[in-house]
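S.K.: Predicted model follows, preceded by the sequence.
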Amino acid sequence: MYRQMLIGLYVLCFSWSQPELKQHYYGGINREYILYIPESIQPEAPLVFVFHGYTGSASEIMSYSGFNGIADENGFAVCYPQGMIDNDGNTFFNVGYSFHFNEVVDDVGFAVSLAGYLQSEFNLSPANTFSTGMSNGGDLSYLLACEASTIFRAVGPISGIMMQWIYDSCEPENSIPLLEIHGTNDNISFWDGDLEDDGDWGAYIGVNTAIQFWSEINNCEIIFMDTLDNVNTLDGSYVVTEKHFSGINDNEVWLYKVVNGGHDWPGAYGNMDINASRVIWDFFNKFSLNYNVGDMDYN
């Protein structure tokens, strides 16, 4: 019996070190997601959600973000949800784009339900569950910050924007930390926003407005700006950081402004001066409650 238990434990640990495609039933639909749990996982470890962009996939963002390797190093679980398919045949998360006026998919409810299931099933931390995502996935992270702040401890959108309707209705129960990484030359998620809906996504506010909004929600009092070393001069861009400190519960709001940067995930493509995934984890780790793997600084 003891030998059988050891074999079972070995198989379980081995399976946890491999990404697994799974399903979670919500809203009458079996929703897909990829789950990665490293061998180094401990009870009550953090859980990071990584949402793909419009037309993207869970496997795609898992590949280019490199989050599994960071999870191995730091002992947290990663969930890559798969978006539904819209009327144009494209994968998406529902944040209310103008051409999705007829979509009723509840992705906030799905994320909240899935988070609760994973926390319970794999003994992951309800207090240290986070959300990041690229573009559409970043937009969803903003929506989760507004509507699910009791579930997600902090969010880190990449090339994400706040839709005007989200901005107008946002009243989070908890003030939570937020990090945005965004290129000033982003030709899809415009830096200055698109209140006239010229891009056909629907009206959305600019990056500076969004950062100021979250800084005010968190009652941040101090702003520190810095220009990071232009390590890679061939990528045509450099990074300026704007960090808002001394907020409620010592919360902070960070902006990584990629000057001349595009619609990119820095470190994977576009700007190569920073590794966006490591910056995100550094930020999440900083605000983990009763859990910290060390003081890391990835700029």
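M.R.: Perfect, I can see it now.

S.K.: Contacts only, for Asp88.
M.R.: Residues in contact with Asp88 (C-beta atoms under 8 Å, 6 or more residues apart in numbering) are Phe99. Just so you know, the C-beta spots here come from the backbone N, C-alpha and C atoms, and that holds for glycine as well.

S.K.: again but with Gly83, I slipped
M.R.: Gly83 neighbours (C-beta under 8 Å, 6+ apart): 51-52, 54, 56, 91-93, 107, 136.

S.K.: Max pairwise distance over those residues: which two?
M.R.: Within the contacts of Gly83, two members stand farthest from each other by C-beta to C-beta: Gly56 and Asp107, at 14.1 Å.

S.K.: Verify the stated contact: Gly270 with Gly262.
M.R.: Yes. The criterion here is C-beta atoms under 8 Å, and Gly270 meets it with Gly262 at 5.5 Å.

S.K.: Can you give me the pLDDT of the closest residue to Gly267 other than its chain neighbours?
M.R.: Nearest residue to Gly267, sequence neighbours excluded (C-beta to C-beta, 6 or more residues apart in numbering): Asn275, at 3.5 Å. Asn275 carries a pLDDT score of 98 in this model.

S.K.: Ok, the one 10 residues further on next?
M.R.: For Asn285, the pLDDT comes out at 97.

S.K.: The helix or strand where it lies packs against which elements?
M.R.: If you go by DSSP states H and E, Asn285 is part of helix 276-286. Counting contacts by 3 or more C-beta pairs under 8 Å, 6 or more residues apart in numbering; DSSP states H and E, helix 276-286 packs against strand 45-51, helix 67-74, strand 124-134, strand 154-158, strand 178-183, strand 253-259.

S.K.: Show residues contacting that helix.
M.R.: So helix 276-286 is contacted by 46, 48, 65-67, 70, 74, 76, 128, 130, 132, 153-154, 156, 158, 177, 179, 181, 252, 254, 256, 265-268, 292-293, 296-299 (C-beta under 8 Å, 6+ apart).

S.K.: rewinding a little: more neighbours, Gly270 and Gly262?
M.R.: Counted by other C-beta atoms under 10 Å, Gly270 and Gly262 do not tie: Gly270 has more neighbours, with 22 against 19.

S.K.: Setting the sequence-adjacent residues aside, check what's closest to the more buried one.
M.R.: In space, Gly270 is closest to Asp264, 2.4 Å off (C-beta to C-beta, 6+ apart).

S.K.: so the residue nearest to Gly267 touches Trp265, yeah?
M.R.: No. In this structure Asn275 lies outside contact range of Trp265 using C-beta under 8 Å: 9.5 Å.

S.K.: just to confirm, which helix or strand has the residue nearest to Gly270 in it?
M.R.: With DSSP H and E as the test, Asp264 turns up in no helix or strand.

S.K.: For it, which residues are in contact?
M.R.: Contacts of Asp264 by C-beta under 8 Å, 6+ apart are 159, 183, 258, 270-271.
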